[in-house]
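*Asks:* The sequence isn't on hand, but the structure is:
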């Protein structure tokens, strides 16, 4: 499923982390993961030039200087999508979040940033009572490592040679209720893509594996 992004240059969602530094509930883990998703998405949009620099503002988070979206249309779009995603994550219905980057002229899918979600079995069977143990410092360190990798992606990924748009795809269980504003989507796969696996973050309730697949331009013929 996908929710269409605004046509013009996006998001702010302020989720509270678990109150205790070591005891993490399903709700607390969901808040941590959702805040991570917000910052990962806006980092991709900034670093890959999907939106101009003036649509972002600097903010310190995870010990890093991040660029957070401030353009109203994008902010509202991300907040709406992430709010719904958070509800599905709390009910343990989310399998993947995918950020799809598409060329506006070629209509070709150029990049797919995939965040695969696993929920601890204990949280699935006892969602209200399950508690995990992990320090907030370790979780923050894992998130910061992924954000750094996204930031460094410009060093190995091809330049985007045309204006691009993005979509957010959410893979859910089949029985979830879907808002009328969402629509079904094909996977938007890239044929013969280059793939780079990035680091993971694990709250002991949710584990998120990250990777990026991107299209390589064919080599020029002599």
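*Replies:* Looks like it came in fine. Nothing here was measured: the structure is a model prediction, and the numbers come from that model.
*Asks:* a helix runs through residue 38, doesn't it?
*Replies:* Yes - looking at residue 38 with DSSP: H, G, I helix; E, B strand; the rest coil, it is inside a helix.
*Asks:* So it is in contact with residue 82, correct?
*Replies:* Yes - Residue 38 is in contact with residue 82 according to C-beta atoms under 8 Å; the separation is 5.9 Å. Quick note: C-beta positions are derived from backbone N, CA and C, even for glycine.
*Asks:* The helix or strand residue 143 falls within: which residues count as buried?
*Replies:* According to DSSP states H and E, residue 143 maps onto helix 136-151. By neighbour count on 16 or more other C-beta atoms under 10 Å, the buried set for helix 136-151 is 136, 139, 140, 142, 143, 144, 146, 147, 149, 150, 151.
*Asks:* will you turn these into TSV that also has distance to residue 182?
*Replies:* Formatted as TSV, the buried residues of helix 136-151 follow (distance: C-beta to C-beta, whole Å):
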residue	distance to residue 182
136	33
139	29
140	31
142	30
143	27
144	31
146	26
147	27
149	29
150	25
151	30
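*Asks:* Out of those residues, which comes closest to residue 44?
*Replies:* Checking the buried residues of helix 136-151 against residue 44 by C-beta to C-beta gives residue 150 as the nearest, at 5.9 Å.
*Asks:* And for the residue nearest to the closest one when sequence neighbours are not counted, the neighbour number?
*Replies:* Distances taken as C-beta to C-beta, 6 or more residues apart in numbering put residue 43 closest to residue 150, at 4.8 Å, once the chain neighbours are dropped. Residue 43 is flanked by 23 other residues according to other C-beta atoms under 10 Å.
*Asks:* can you pull the contacts of residue 43?
*Replies:* Contacts for residue 43 (C-beta atoms under 8 Å, 6 or more residues apart in numbering) come out as 66, 67, 147, 150, 151.
*Asks:* related to what we said a few turns ago, between the buried residues of helix 136-151, which sits nearest residue 32?
*Replies:* residue 139 (6.3 Å).
*Asks:* That closest one: what's it in contact with?
*Replies:* By C-beta under 8 Å, 6+ apart, the contact set of residue 139 is 32, 201, 202, 203.
*Asks:* can you give me how far stretch 199-209 is from the chain middle?
*Replies:* 13 Å (C-alpha atoms, centre = their mean, to the nearest Å).
*Asks:* Quick one: mean pLDDT for it?
*Replies:* For stretch 199-209, the mean pLDDT works out to 97.
*Asks:* tell me which residues of that stretch are tucked away?
*Replies:* Those buried within stretch 199-209 under the rule 16+ other C-beta under 10 Å are 199, 200, 201, 202, 203, 204, 205, 206, 207, 208, 209.
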